[in-house]
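Novice: Got a predicted structure here, sequence first:
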Amino acid sequence: MDAVSRAAVAVFGNVDKESFLQRIYPLRRPAVLKGIPLGPCTSKWTVDYLSTTGGSQEVKLHVASVPQMDFINKNFIYRTLPFDVFVKRAAEPAQAEYFISQDEKYYLRSLGVDPRKDIADIRKQFPSLAEDINIPEFFEKDQFFSSVFRISSPGLQLWTHYDVMDNLLIQVKGRKRVILFSPRDAPYLYLTGDKSEVLDVDTPDLEKYPQFVKAQRYECQLDPGDVLFIPALWFHNTVAKEFGVGVNVFWKQLPTDCYDKTDIYGNKDPVAASRAMQILDRALKTLEELPEEYRDFYARRMVLRIQSKSYSSHYK
């Protein structure tokens, strides 16, 4: 018996900017987009081509001894390798040279030139490779936030998390399974910040995470050349079925001043949301001044007030 109910992500073919903005974007649901002309990257980006064209610049990697990476408990280490060396290692099932073990897994999430200040942009960090890919411009140029180059070892699974901006996941090489959960299912995902504590979404520990069964699971497989639209706040978990290469393109669908100016990864809550959470924390702290039965009563009243202001019906 499945832990959660399952649904397939909708698939659309022959999508251009007009059809995306009119038919798909207003639904605010994930969608697999097929047939988008991405340029020669889908044929050119072999392991040899990537390692030769991408050069030997140093890149910072996640390295793990197990396939399921856990960002909350940090079951991986950060290491640095020349890009060409990394690509060849990531494509291999076993390593002659390694940091932890012969079957270690690698994950590259490209960073800005100065990782503390600059956003990731494949056109700046990997200009020669950027020439091979046509990024679908389904948003205005001034909305662009980042284009993140990602490479994964076969079998690598990334933790479930949400982003605060809309994005397109462009799958260039390898097949990828993607599991998604609606923002309205956040109460069932056992969140720590923007990440779920439920690491194994296929066989979850329901004694530890009993509410997880209430979450609706959406699933799709991305083949090379597919593009997945992931609306902001939708949780997603990915598994690289093969050596995987892709590019995420994020854009600001809200006015620029809604976002934290220090956010270079696209995962800091909007300014108003962050402020509201701080106010809530202070309110809960204030309730601690009352005896237990009063705390319980007024906390329930606060929940009711929040629920009365909820607009989650949009996601049903």
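Specialist: Sure thing, it's come through.
Novice: Okay, now the sheet partners of the lowest-mean-pLDDT helix or strand in the chain, with direction.
Specialist: Across the helices and strands of the chain, mean pLDDT, DSSP states H and E gives its lowest value to strand 5-8, namely a mean of 89. Note on strand 5-8: by DSSP bridges, its sheet partners are strand 216-222 (parallel).
Novice: Only alpha carbons, please: show the strand it pairs with as PDB.
Specialist: Output of strand 216-222 as PDB, limited to C-alpha atoms (Å, rounded to 0.1, in the frame of the first residue of the first chain):
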ATOM      1  CA  GLN A 216      -0.500  14.200  -2.400                       C
ATOM      2  CA  ARG A 217       2.500  13.100  -4.500                       C
ATOM      3  CA  TYR A 218       2.900  14.200  -8.100                       C
ATOM      4  CA  GLU A 219       5.400  12.400 -10.200                       C
ATOM      5  CA  CYS A 220       7.100  12.600 -13.600                       C
ATOM      6  CA  GLN A 221      10.100  11.300 -15.500                       C
ATOM      7  CA  LEU A 222      12.200  13.800 -17.500                       C
END
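Novice: List the contacts of the helix or strand following it.
Specialist: Going down the chain from strand 216-222, the next helix or strand is strand 227-230, by DSSP states H and E. Under the criterion C-beta atoms under 8 Å, 6 or more residues apart in numbering, residues 9, 15, 20, 24-25, 30-34, 36, 38, 136, 163, 166-171, 178, 180, 220, 222, 236 lie in contact with strand 227-230. Backbone N, C-alpha and C define where each C-beta goes, glycine included.
Novice: go again using 7 Å as the cut-off
Specialist: With contact meaning C-beta atoms under 7 Å, 6 or more residues apart in numbering, strand 227-230 is reached by 24, 30-33, 36, 136, 167-170, 178, 220, 222, 236.
Novice: other SSEs contacting the helix or strand that it is followed by?
Specialist: Next along the chain after strand 227-230, taking DSSP H and E as the criterion, comes strand 235-240. If contacts are counted by 3 or more C-beta pairs under 7 Å, 6 or more residues apart in numbering; DSSP states H and E, strand 235-240 sits against strand 176-181.
Novice: Which elements pack onto the strand it packs on?
Specialist: By 3+ C-beta pairs under 7 Å, 6+ apart, strand 176-181 packs against strand 216-222, strand 235-240.
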